[in-house]
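J.: here's a sequence, model it:
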Amino acid sequence: MNHSKVKIFSLNLLFFTTILFFAACKQESPQEESKDSVMYSKTDVAVPTAQKIPKELTMHGDTRQDPYYWLNERENPEVIAYLEAENAYKDKMLEHTKAFQDKLFEEMKGRIKEDDQSVPYKDNGYFYLTRYEQGGEYPIYERKKENLQAKAETLLNVNDLAKPYDYFNVTGLSVSPDNKLLAYNEDTLSRRIYTIRFKNLETGKMLPDEIPGVEGYSAAWANDNKTIFYVAKDAQTLRGYKIMKHKLGTPAAQDQEIFNEKDEQFNTFVYKTKSKKYIVFGSSQTLSQEYWVLDANTPDGKFRVIQPRQRNLEYSIDHYGDKFYILTNKDAKNFRLMETPEGKTTQENWKEVIPHRSDVLLEGMDIFKNYLVLSERKNGITQIRIRPWDGSAEHYIDFPEDAYVAGTSINPEFDTEELRLVYQSMTTPLTTFDYNMKSKKFNQLKQQAVLGGFDAKDYQTERVYVTARDGAKVPVSIVYKKGFKKDGKGPLLLYAYGSYGNSLDPSFSSSRLSLLNRGFAYAIAHIRGGQEMGRQWYEDGKLLKKKNTFNDYIDCAEWLIQNKYTNKDNIYAMGGSAGGLLMGAVVNMRPDLFKGVIAAVPFVDVVTTMLDESIPLTTFEFDEWGNPKNKEYYDYMKSYSPYDNVEAKDYPAMMVTTGLHDSQVQYFEPAKWVARLRELKTDKNPLLMHTNMEAGHGGASGRFRALKEVAMEYAFLLDLAGKNEEFKN
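T.: Numbering: from 1, shown residues only. Modelled structure (predicted):
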C-alpha cells in the first residue's frame, strides 16, 4: 500500500522488557537436515510468540477475529519488544550466513565507484551536479557558474548534515530565481514528513526560517525571491492537504493558507512551470485531478483554476508561449494531448494536438522552444517521439535493444536542440546521453561505472510473452549470465509489483549481479495492475479485478517452470509494498509453487487498513482497492487479503521486511501477518521478519547502508538455493 507512525522508544530502555516478554518463547521442534539449505537444521532457536488478545472486527454482519490487532499500539513497549525479539530470532537463524552476508555486501559495494559524480545540467546560468566522495554515504550538491571550468560552489554536503542522525534524507532542492537562496527538505525519521530549511548561498549561512510538517518534493519560488509556496502535511494521515505561502523572515506560524483540500481522497502538490511564468498547485486522486495557476510575478495575487475537477477526468498541464498543454484521458483511455489559450483553459476550449491511440499509452511531455518531446509506451516498451513545432517531419529515437527503458532526464533549458536522455536495460547500466533533436546524433555523457570486471557481453536478456489463464499476453523480462542452462535445474527469482498503474521496467541493477554470477536467472513479470501494456492493463488489475494480478504472477511462474528456466523446488518470489501484497496473496493461493519468498514492506492487512481512515494514505486509495464500507468491495477484498486468508497448511520459506517508521505500509501489517503465520503454518520452513528500527518504507538511508539489507535478502535466497559459499559443514 502507501502507509506508518513515529519512533517512541529507545532500544536500551526496552531491553529488559524484551527479556520478560519472551522468557516463555516456545522452542522450535527438531527439523530434518536439508542438503539444499542449512537453515532447516536449526533446532535450538527460540521462536517468537506474539501474545493473543481477543479482538472482533465486524462489518456488514461479518465478524473477523484479529487477536494480533494490539500490535498497532506503537507506544506499547511490548510491541517494540516483539519486533526486537523477531529481529533477534532472524539474526540467530541467519547466523551461519553472516560471513556470506559480509562477502555479498563488500562485493556489491565494490561494484560502486565511490568517488563519483552526476552529469552536470545547466539552469539559469549555473551548472548543477551531484557528487560522492570515497567512503561517503550521502551526496554533495554543487554548482559552477557559467562553465564547467569554474570553481565549484557547495550547496549542501549531506554527509555533514547527516552526522547526528541514524536516518537522514534530503530532497526537493530548489534555488531562488536570483540564484542567491536555496530551499531544501530534510527528513530525520524516515516518516516522509519533512522540514523546509533555507540557506544563503552568498554567505553560506543558514536562514532562521524553517517550516516543519511538509511534503518532500520541491517548494516553488515566486519571482520576487522571497515568497515560497509549499504543501503542508496532516500529521496523522500524512496527506498533503494544504497549499501554504511563506514570506522569508516571518515565522512559519504566520504562513498564509492558499488552499485547503477538504476531500480526504485528494492529495495536493505545487510546482513551477518550466517557462518560469506560473506557480501551479494541484489536487489529485486516482481518477481525477484539478490544477490552479498564479503568475509567478504576482505572488500575492489569486490563483485561477484551469479545469474544475470532474469524476473520471484526469489531466496534467505544462505551459509554453501563450498556451497551456494538457495531457488528458478525456475521451481517450490511453490519453491524448490538447492545447488551450492561456486565458481560456476549461475543457470546451481544448484543441487536440496528439490524438488517442488504442495501442499506445501517452505518458508524458517535455516542451522546448522548437520541439515537443513525447514519452510513449507501446507493447510495454518506452519510446521517445520528437515533434518539431514548425510542422516538419517528426521521428522516434532509435534504441539498440529490444527490451529497455528510456526516458527524458533533467531538461530545464527551453532554447536548445539537445535533449538529455537516460537509457538502460537489464544488461546495460544506466547511461546518460545528449541527443541532438535536429541532427539525430547521440553524445554519450556517462555510463554508470560497474567495477569488478563487469562486461555486459557476459549476460543475456530475453523478452517473452506468457498466455495467462484468461488469454491475456503477459510480458516477462528475463536476464541471466551466459551459460545458464534451460534444463529446469537452475534457480530463478521472479519479481513483480502490479499496482497503481506503475510500470515495472527492465532496468539494470549492479547488486543483482551477485545473483546472476551465482547461477540465478532473474525475471520481471509485467502483470496487470501495472500500466506497461496501456491503461486497460492497469484497470484490469485493480478494484474488483485485482485477482488478475495474482493469477498473472502464478501463470508466469508456471510458464517459467514448464519452459525449463527453473523448477518449483528452485523458484523464488519477491515483491515489495503493494508487491508484498502480491506475495501474501500468492503464498495463500499457491504455497506449493515457490521454495522461498521475500515480502518487502508488504501491504497484507487490506480490509482492516482500508476500513481505518485514520491510517496514513488510506482515503485516497479507495479507487485503487475499493472502499470496504461497500459490501461488494469488502467481500472481494476479504477473499484475497493475505492476513485474513492465512490457513493451517505448509508455506514456503519466507523473509518479511518492514520499517518501524514506515509511512506507506505500517509496520504492524507485516508484524501481524508473521504472527498469524507462526500460529497456523504447519511446515518447518524458516519464517523470518526483519524490522529496521530506524527507517521507514525505503529502508536505510545512505548508499552503502542500504546494501546491508540487500545482502541479507540475497544471502537468504542463496542459502535456500544451496549456494552459501561461506558455510562450513
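
J.: residue 354 contacts residue 337, correct?
T.: Yes. Using Cβ atoms under 8 Å, residue 354 is in contact with residue 337, at 3.8 Å. (Glycine included, C-beta is placed from N, CA and C.)

J.: shared neighbours, the two?
T.: Each of 362, 374 lies in contact with both residue 354 and residue 337 under the rule Cβ atoms under 8 Å, 6 or more residues apart in numbering.

J.: residue 62 and residue 634, how far apart?
T.: Distance, residue 62 to residue 634, using Cβ to Cβ, to the nearest Å: 7 Å.

J.: quick one: the strands in the stretch 501-650 of the chain, in order.
T.: Secondary structure of the stretch 501-650 of the chain (DSSP state E, counting those that start in this stretch): strands at 521-525, 571-576, 596-600.

J.: for the second one, buried residues please.
T.: Meaning strand 571-576. Neighbour-count burial for strand 571-576, counted by 16 or more other Cβ atoms under 10 Å, picks out 571-576.

J.: so what strands line up beside it?
T.: Counting by DSSP bridges, the strands paired with strand 571-576 are strand 492-495 (parallel), strand 596-600 (parallel).

J.: save those as CSV, and put in mean neighbour count and mean pLDDT too.
T.: Putting the strands paired with strand 571-576 into CSV (neighbours: other Cβ atoms under 10 Å; pLDDT from 0 to 100) gives the following:
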stretch, mean neighbour count, mean pLDDT
strand 492-495, 23, 98
strand 596-600, 26, 97
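
J.: okay, the ones you listed in CSV with distance to residue 241 next?
T.: Converted to CSV, the strands paired with strand 571-576 look like this (distance: least, Cβ to Cβ, whole Å):
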stretch, distance to residue 241
strand 492-495, 34
strand 596-600, 28
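
J.: helices of the protein, start to end?
T.: Taking DSSP state H, the helices of the chain run over residues 11-21, 77-93, 98-110, 158-162, 513-516, 535-539, 547-562, 578-589, 606-611, 622-625, 631-640, 668-680, 705-720.

J.: any buried residues in the longest one, and which?
T.: Just to be clear, that refers to helix 77-93. Buried, per 16+ other Cβ under 10 Å, within helix 77-93: 77-87, 89-90, 93.

J.: that older thread, have a look at residue 62 and residue 634 and say which one is more surrounded.
T.: residue 634 (19 against 12; other Cβ atoms under 10 Å).

J.: residue contacts, the more buried one?
T.: 59-60, 62, 607, 628.

J.: check residue 242 too.
T.: Counting by Cβ under 8 Å, 6+ apart, residue 242 has contacts 231-232, 257-261, 268.

J.: buried ones from these, can you make that a PyMOL selection?
T.: Entered in PyMOL, the line below selects the buried ones among the contacts of residue 242, by 16+ other Cβ under 10 Å:
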select buried, resi 231+232+258+259+261+268
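
J.: mind listing which of the contacts of residue 242 are in strands?
T.: Under the assignment DSSP state E, those contribute 231-232, 257-260, 268 to strands.

J.: can I get those residues in a markdown table including distance to residue 275 and pLDDT?
T.: Formatted as a markdown table, those follow (distance: Cβ to Cβ, whole Å; pLDDT from 0 to 100):
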| residue | distance to residue 275 | pLDDT |
| --- | --- | --- |
| 231 | 21 | 94 |
| 232 | 26 | 93 |
| 257 | 27 | 95 |
| 258 | 21 | 96 |
| 259 | 22 | 94 |
| 260 | 28 | 94 |
| 268 | 22 | 93 |
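
J.: show me where pLDDT drops low in the stretch 351-500 of the chain?
T.: By pLDDT under 70, the stretch 351-500 of the chain has no low-scoring segment.

J.: which residues in it form strands?
T.: Going by DSSP E, counting those that start in this stretch, the stretch 351-500 of the chain shows strands at 351-354, 361-367, 371-378, 381-388, 395-396, 405-408, 418-424, 431-436, 442-447, 459-467, 473-481, 492-495.

J.: circling back to that earlier point, switch the helices of the chain over to JSON lines; also include mean pLDDT.
T.: Output for the helices of the chain, formatted as JSON lines (pLDDT from 0 to 100):
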{"stretch": "helix 11-21", "mean pLDDT": "26"}
{"stretch": "helix 77-93", "mean pLDDT": "95"}
{"stretch": "helix 98-110", "mean pLDDT": "96"}
{"stretch": "helix 158-162", "mean pLDDT": "91"}
{"stretch": "helix 513-516", "mean pLDDT": "98"}
{"stretch": "helix 535-539", "mean pLDDT": "96"}
{"stretch": "helix 547-562", "mean pLDDT": "98"}
{"stretch": "helix 578-589", "mean pLDDT": "97"}
{"stretch": "helix 606-611", "mean pLDDT": "94"}
{"stretch": "helix 622-625", "mean pLDDT": "91"}
{"stretch": "helix 631-640", "mean pLDDT": "98"}
{"stretch": "helix 668-680", "mean pLDDT": "97"}
{"stretch": "helix 705-720", "mean pLDDT": "94"}
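
J.: with distance to residue 218 as added columns, please give those helices in a markdown table.
T.: Formatted as a markdown table, the helices of the chain follow (distance: least, Cβ to Cβ, whole Å):
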| stretch | distance to residue 218 |
| --- | --- |
| helix 11-21 | 35 |
| helix 77-93 | 34 |
| helix 98-110 | 31 |
| helix 158-162 | 16 |
| helix 513-516 | 34 |
| helix 535-539 | 27 |
| helix 547-562 | 33 |
| helix 578-589 | 26 |
| helix 606-611 | 30 |
| helix 622-625 | 26 |
| helix 631-640 | 36 |
| helix 668-680 | 31 |
| helix 705-720 | 23 |
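
J.: among the ones you listed, which comes closest to residue 383?
T.: helix 535-539 (16.1 Å; Cβ to Cβ).

J.: what does the closest one contact?
T.: By Cβ under 8 Å, 6+ apart, helix 535-539 touches 329, 333-335, 361, 500-501, 528-531, 545.

J.: now the strands for the stretch 151-300 of the chain?
T.: Under DSSP E, counting those that start in this stretch, the stretch 151-300 of the chain gives strands at 153-157, 169-175, 181-187, 194-200, 206-214, 220-221, 227-233, 240-247, 256-260, 267-272, 278-285, 288-295.

J.: the shortest one pairs with which strands, and in what direction?
T.: With DSSP bridges as the criterion, the sheet partners recorded for strand 220-221 are strand 227-233 (antiparallel).

J.: same thing with the last one?
T.: Within its sheet, strand 288-295 is paired with strand 278-285 (antiparallel), strand 304-305 (antiparallel), according to DSSP bridges.

J.: what's the neighbour count on residue 420?
T.: Neighbours of residue 420 (other Cβ under 10 Å): 19.

J.: ditto for residue 356
T.: 17.

J.: ok so, going back, which of the contacts of residue 634 has the most neighbours?
T.: Busiest of the contacts of residue 634 [other Cβ under 10 Å] is residue 607, holding 25 neighbours.

J.: I'd say that residue and residue 635 touch.
T.: No. Assessed by Cβ under 8 Å, residue 607 is found out of contact with residue 635, at 9.7 Å.

J.: what separates stretch 637-645 from the chain centre, distance-wise?
T.: 23 Å (Cα atoms, centre = their mean, to the nearest Å).

J.: err, stretch 479-488, not the other one
T.: 29 Å.

J.: and that stretch, what's buried?
T.: 479-481, 484, 488.

J.: quick one: terminal-to-terminal distance for stretch 677-684?
T.: 12 Å (Cα to Cα, to the nearest Å).

J.: may I see the buried residues of that stretch?
T.: 677-678, 681, 684.

J.: just the pLDDT for residue 725.
T.: pLDDT recorded at residue 725 is 73.

J.: count the residues that sit near it.
T.: 11.

J.: so it makes contact with residue 102?
T.: No. Taking contacts as Cβ under 8 Å, residue 725 lies outside contact range of residue 102: 11.7 Å.

J.: many thanks, have a good one.
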